[in-house]
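Q: Here is a sequence with its predicted model. Questions after.
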Amino acid sequence: MSRIGKMPISVPAGVDVKVENNCVTVKGPKGTLTQQFRPELGIEVKDGVINVTRPDDQRQNRSLHGLTRTLIHNMVEGVTNGYSKTLEIEGVGYRAIKQGKKVTLNLGYSHPVVIEETDMIKIDVPQPNQIIISGIDKQAVGQFAAKVREKRPPEPYKGKGIRYAGEHIIRKEGKAGKGKK
């Protein structure tokens, strides 16, 4: 049995979970998330606890068991607490400025890079070299943060670019210089 898949998911107060034809809808204080899951798996809500069951031990059902449980747990966690990713901007002249729902990034290009908030994703710029991306969908927050990081990934020589908070960049040595004759 899957160690992750067999764990029950406790539903906190203020969160409403509905399951219809393996379509799970989770409503909470921060919003609503809906996702369709495979029909082979059994999803049941009873007494404030969600359980995911699988019909047999076939390879595909075993792999989907833990995945489905984790996705439902992420939905419950997202509508109660939400998710956020922090990005740091490193480099001389590199900065972020928020204007309304748009964030303008100066990343050393000849033009500024403009990123817009969506209705699912909120962007906050507490300092010119820090961006906080938050939302209720864990996958959407991670994907959006990856797209922002992609605008100028950190380079290995000086470490300039956009990185996740706490990310370690493996540095390379520069040129060794001319050899002696």
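A: Ah, there it is. Only a predicted model underlies this, so the values are computations on that prediction, with no experimental measurement involved.

Q: ok, then the element right after the longest helix seen in the chain?
A: In the chain, ranked by residue count with DSSP state H as the criterion, the top helix is helix 59-80. If you walk from helix 59-80 toward the C-terminus, the next helix or strand you reach (DSSP states H and E) is strand 83-90.

Q: returning to that earlier point: dump the longest helix of the chain to CSV, restricted to CA.
A: Listed next in CSV are the C-alpha coordinates belonging to helix 59-80 (Å, rounded to 0.1, in the frame of the first residue of the first chain):
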residue,chain,number,x,y,z
ARG,A,59,1.2,-0.4,-11.6
GLN,A,60,-0.8,2.5,-12.9
ASN,A,61,-3.3,2.4,-10.0
ARG,A,62,-0.4,2.3,-7.5
SER,A,63,1.3,5.4,-9.0
LEU,A,64,-2.0,7.3,-9.3
HIS,A,65,-3.0,6.6,-5.7
GLY,A,66,-0.3,8.7,-4.0
LEU,A,67,-0.5,11.4,-6.7
THR,A,68,-4.2,11.8,-6.3
ARG,A,69,-4.0,12.1,-2.6
THR,A,70,-1.2,14.7,-2.8
LEU,A,71,-3.1,16.8,-5.3
ILE,A,72,-6.3,16.8,-3.2
HIS,A,73,-4.2,17.7,-0.1
ASN,A,74,-2.6,20.6,-2.0
MET,A,75,-6.0,21.8,-3.0
VAL,A,76,-7.2,21.8,0.6
GLU,A,77,-4.0,23.5,1.8
GLY,A,78,-4.2,26.1,-1.0
VAL,A,79,-7.8,27.3,-0.2
THR,A,80,-6.9,27.6,3.5
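
Q: quick check: angle from it to strand 83-90?
A: Between helix 59-80 and strand 83-90, the angle comes out at 80 degrees (axes from the mean of the first three to the mean of the last three CA atoms, to 10 degrees).

Q: List the contacts of residue 109.
A: Residues in contact with residue 109, defined by CB atoms under 8 Å, 6 or more residues apart in numbering, are residue 152. All C-beta atoms are positioned from the backbone trio N, CA, C, and that covers glycine.

Q: That one: what secondary structure?
A: With DSSP: H, G, I helix; E, B strand; the rest coil as the basis, residue 109 sits in coil.

Q: Quick check: phi and psi on it?
A: phi -90, psi 170 (degrees, to the nearest 10).

Q: which helices and strands does the longest helix of the chain pack with?
A: Counting by 3 or more CB pairs under 8 Å, 6 or more residues apart in numbering; DSSP states H and E, the packing neighbours recorded for helix 59-80 are strand 9-10, strand 23-28, strand 31-36, strand 49-53, helix 138-150.

Q: same thing but at 7 Å, please
A: Here helix 59-80 touches strand 9-10, strand 23-28, strand 31-36, strand 49-53, going by 3 or more CB pairs under 7 Å, 6 or more residues apart in numbering; DSSP states H and E.
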